[in-house]
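S.K.: Quick one: sequence plus predicted model below, questions after.
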Amino acid sequence: MRKSGAERAEVVIRNRMGFHVRPVQRFATMARMFQADVEVQLRGRAVPGKSVINLVSLGGRCGDKMRIAAEGDDARQCVGVLAYLAENSFFVEDDVDAENRPGRHLERLARMASCFESDIRITVDGQTADAKNLDSLRRLGFGPDEVAQFDVTGQDAEQARALMENLAASCFYVEELMAARARKAARQ
Amino acid sequence: MADYLCDGVVSLSLDARKRDEAIRTLLELFVTNKLMATGATGKAMTAVLAREALGSTAIGRGAAVPHARVEGLDRILMAFGYSVKGVEFSALDGQPVHEVFLVIAPPSMATEYMDVLQRISRLVQDDDFRRFVARVKNRQEAMDLIKEMDK
């Protein structure tokens, strides 16, 4: 039976160390938030995109082209999120020749929220903003480690909520803060 | 992998149920086997846990590859631990981890280090490896199995 939606994207791996465990783990974590079947093609092999072990075994190197294909009702949202993640070095911050700009968490949130049809509102410290609107997020001006709440309504609300909550729980993948949070937890 | 996994650094009775304890047990095997100075484990432990904080290294099918680049090493070190009961490692599939491959490497050997991690992932994808490793009787058999199947 043909599934209702199919979507694909092609991206180039920019991580110096390639498609290693950390980028793969993030990719598979996000892929699993969607119902769509995901397939990744790299170096002449195709594997299921929700399996860390299969993806790591592809051995993707810097400069390799990677094809992401999804089939299912939420295929478009799924490929949008995964392609953005891949284009942005899977948010791995010590393995790319890019400047880690302050405020990058707001860009990540706005771009990923924009992959969904649902209306997504974020509330931080009693103030609310449209999560798809970068200017609105900048006016809200919160840090990556602040407590954020999401109000999500629409057809793809379940997937959108899972992704937004994952971003917030992971300090929007601002790695220095993820590490600091772990050090703090270890001391307690 | 045979180049990095030394004789004594295999534990077939990993008792730890928690990730940090399992990692510490394997790091101590490096000290017992004189591959690392006693005082160096703290730094290695911090580096491995800092890496875990950026995302779990459980790769599925009951395997985990805790790893980190550690300053001051002159070679890649690998330890293997098998847990019958399983270690909690925050795997995506929610399953406990039975096979733990700890890999630490000097920052200058990044390419070889990535290659080792990829070879481990290929190894644990093999159903035969997982079936056989659950049945090995001693450390030598475990070493032989890893060497034989990493071809």
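M.R.: Ah, there it is.

S.K.: Residue ranges of each domain in chain A, please.
M.R.: The record's domain parsing of chain A by automatic domain parsing lists A:6-91, A:104-177.

S.K.: Quick one: those domains as a markdown table, columns for mean neighbour count too.
M.R.: (C-beta placed from N, C-alpha, C; glycine too.) Shown next, in a markdown table, are these (neighbours: other C-beta atoms under 10 Å in any protein chain shown):
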| stretch | mean neighbour count |
| --- | --- |
| domain A:6-91 | 20 |
| domain A:104-177 | 18 |
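
S.K.: Please name whichever of these is nearest to B:Ser90.
M.R.: domain A:6-91 (10.2 Å; C-beta to C-beta).

S.K.: From the chain's centre, how far out is that closest one? Work that out for me.
M.R.: Distance of domain A:6-91 from the chain centroid (C-alpha atoms, centre = their mean, to the nearest Å) equals 10 Å.

S.K.: Nearest to chain A: which residue in chain B?
M.R.: Evaluated by C-beta to the nearest C-beta, chain B has B:Ala53 as its residue closest to chain A, separated by 3.2 Å.

S.K.: That residue contacts A:Leu177, doesn't it?
M.R.: No: B:Ala53 is beyond contact range of A:Leu177, at 9.8 Å (criterion: C-beta atoms under 8 Å).

S.K.: Can you report phi and psi for the residue nearest to the spatial centre of chain B?
M.R.: What sits nearest the mean C-alpha location of chain B, by C-alpha atoms, centre = their mean, is B:Phe101, with 1.7 Å. Per-residue torsions, B:Phe101: phi -110, psi 110 (degrees, to the nearest 10).

S.K.: For my notes, confirm B:Ser90 occurs in a helix.
M.R.: No: B:Ser90 is assigned coil when assessed by DSSP: H, G, I helix; E, B strand; the rest coil, not a helix.

S.K.: ok, it - how many residues close by?
M.R.: By the criterion of other C-beta atoms under 10 Å in any protein chain shown, B:Ser90 has 13 neighbours.

S.K.: Enumerate every residue touching residue 56.
M.R.: Defaulting to chain A. Listed by C-beta atoms under 8 Å, 6 or more residues apart in numbering or on different chains, the contact set of A:Val56 reads A:Phe19, A:His20, A:Val21, A:Val24, B:Ile59, B:Leu117, B:Gln118, B:Ser121.

S.K.: hm, I was asking about chain B
M.R.: Going by C-beta under 8 Å, 6+ apart, the list of residues near B:Ser56 reads A:Gln25, B:Ala64, B:Phe89, B:Ser90, B:Ala91, B:Leu92.
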